[in-house]
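**Student:** fold the stuff below for me.
(one chain, ligands or ions: 1)
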Amino acid sequence: MTLTPALEMTGVSRRFGTTEALRGLTWSARAGEVTCVLGPNGAGKTTAMEIATGLQRPDEGSVRVLGTDPWHAPAAHRARVGVMLQDGGLPQSVRPVRLLEHLARFWDRPADVDALVMRLGIDAYAGTTVRRLSGGQRQRVALAAALVGRPEVVFLDEPTAGLDPHARREVHALVRETADSGVATVVTTHSFEEAERLADRVVVIVAGRVAAAGTVAEVAGPQGLETAYFALADGSAR
Ligand SMILES: Nc1ncnc2c1ncn2[C@@H]1O[C@H](COP(=O)(O)OP(=O)(O)OP(=O)(O)O)[C@@H](O)[C@H]1O
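**Tutor:** The predicted structure follows:
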């Protein structure tokens with residue numbers, strides 16, 4: 001495990017017209033750890049993920065992922081970063097296994113597609129095009145797509161939203177293993193239970209700023225994560 005964070009965001013601001021989505025956001029994530037990002041709807045979590053993956057440019061502040069500014073990063077950097085965003089962005093008319101095999105060819109040392117497919121239960125609907133999959137099935141394909149390149153840093157935006165309990169358990173195990181293999185694994189979630197179960201570190205974003213960050217025990221304190229979260233979210237008015 002390295003001491004230099006795999007991700008460092010310092011003083012990042014991002015405006016959309018009059019909306020200040022991020023207001024001096026400062027946080028980091030380390031290799032070999034699951035960092036869970038919590039925060040109310042509209043707090044800026046997705047914007048932070050999109051900036052970290054180079055899809056958006058911050059108006060102010062500094063961003064380093066594996067030591068590189070993601071906005072100006074070359075293809076070789078992007079190959080080291082996996083991302084699963086909300087709404088997936090998957091091509092619609094392809095069958096899932098074919099899609100994953102296609103994606104795997106972009107990398108020198110991809111994950112074993114068959115193993116990933118079995119692991120996430122994608123084999124059960126291998127013959128169905130992405131368009132016809134349920135939300136949860138599509139979610140699992142998007143997760144597999146984020147991991148197939150064996151990234152060093154992975155951003156998973158609400159990877160278990162809408163999943164049934166079995167799929168959620170499998171995703172949790174896969175997220176844990178991914179982090180244990182040395183990957184900096186950043187997971188946004190609205191579930192306290194998920195954060196308590198998965199997170200090595202928690203970052204709570206409220207109104208575009210970090211309201212608290214640390215281990216689950218540090219952020220939760222004696223009253224538990226849920227109570228601490230509501231105190232933070234209610235205490236930081238926009
Ligand atoms: N492209 C955009 N144009 C205008 N406003 C935007 C855009 N993207 C995000 N916003 C606004 O920025 C703020 C932060 O949005 P963001 O999606 O990052 O929040 P979030 O924490 O991911 O929310 P959720 O939990 O609902 O996914 C919101 O007020 C949102 O309306």
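**Student:** near the ligand, which residues of this protein show up?
**Tutor:** Selection of the chain residues close to the ligand by C-beta under 6 Å from any ligand atom yields 16, 19, 21, 39, 41-47. The C-beta positions use only the backbone N, C-alpha and C, and glycine is treated the same way.
**Student:** can you pull the pLDDT of residue 2?
**Tutor:** Listed pLDDT for residue 2 reads 50.
**Student:** that should have said residue 118, apologies.
**Tutor:** 92.
**Student:** please identify which helix or strand holds residue 97.
**Tutor:** helix 96-104 (DSSP states H and E).
**Student:** what about residue 166, neighbour count?
**Tutor:** Neighbour count for residue 166, taken as other C-beta atoms under 10 Å: 9.
**Student:** swap in residue 111?
**Tutor:** Around residue 111 there are 18 other residues, counting by other C-beta under 10 Å.
**Student:** that's a strand at residue 13, yeah?
**Tutor:** Yes - counting by DSSP: H, G, I helix; E, B strand; the rest coil, residue 13 is part of a strand.
**Student:** so for the helix holding residue 97, what gets flagged as buried?
**Tutor:** Residues 96-97, 99-100, 103-104 are the ones in helix 96-104 that count as buried (16 or more other C-beta atoms under 10 Å).
**Student:** farthest-separated two in those?
**Tutor:** Greatest spatial distance among those (C-beta to C-beta): 96 and 104, at 12.5 Å.
**Student:** and the helices in the protein?
**Tutor:** For the chain, applying DSSP state H gives helices covering 45-52, 75-78, 96-104, 113-119, 135-147, 165-180, 192-198, 216-220, 225-235.
**Student:** contacting residues around the most centrally placed residue in the chain?
**Tutor:** In the chain, the residue lying closest to the centroid (C-alpha atoms, centre = their mean) is residue 156, at 2.2 Å. Residue 156 makes contact with 83-84, 143, 146, 175, 185-188 under the criterion C-beta atoms under 8 Å, 6 or more residues apart in numbering.
**Student:** that one pairs with what?
**Tutor:** Beta-bridge partners for residue 156, by DSSP bridges, are residue 84, residue 187.
**Student:** how close does it get to residue 20?
**Tutor:** When distance is defined by C-beta to C-beta, to the nearest Å, residue 156 is 25 Å away from residue 20.
**Student:** and residue 46, by the same measure?
**Tutor:** Going from residue 46 to residue 20 by C-beta to C-beta gives 15 Å.
**Student:** cool, residue 44 as well?
**Tutor:** Separation of residue 44 from residue 20 (C-beta to C-beta) stands at 9 Å.
**Student:** which one of these two is surrounded by more residues?
**Tutor:** Each of residue 44 and residue 20 has its neighbours counted (other C-beta under 10 Å); residue 44 has more, 26 against 17.
**Student:** only the buried subset of the contacts of residue 156, as a ChimeraX command please.
**Tutor:** Selection of buried members from the contacts of residue 156 for ChimeraX, criterion 16+ other C-beta under 10 Å:
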select :83,84,143,146,175,185,186,187,188
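**Student:** out of the contacts of residue 156, the closest to the ligand would be?
**Tutor:** Nearest to the ligand among those, counting by C-beta to the nearest ligand atom, is residue 188 at 6.9 Å.
**Student:** check that closest one and give its pLDDT.
**Tutor:** 95.
**Student:** check contacts around it.
**Tutor:** Taking C-beta under 8 Å, 6+ apart, we find residue 188 in contact with 36-39, 45-46, 49, 156-158.
**Student:** pretty sure residue 198 sits against residue 33.
**Tutor:** No - Residue 198 is beyond contact range of residue 33, at 10.2 Å (criterion: C-beta atoms under 8 Å).
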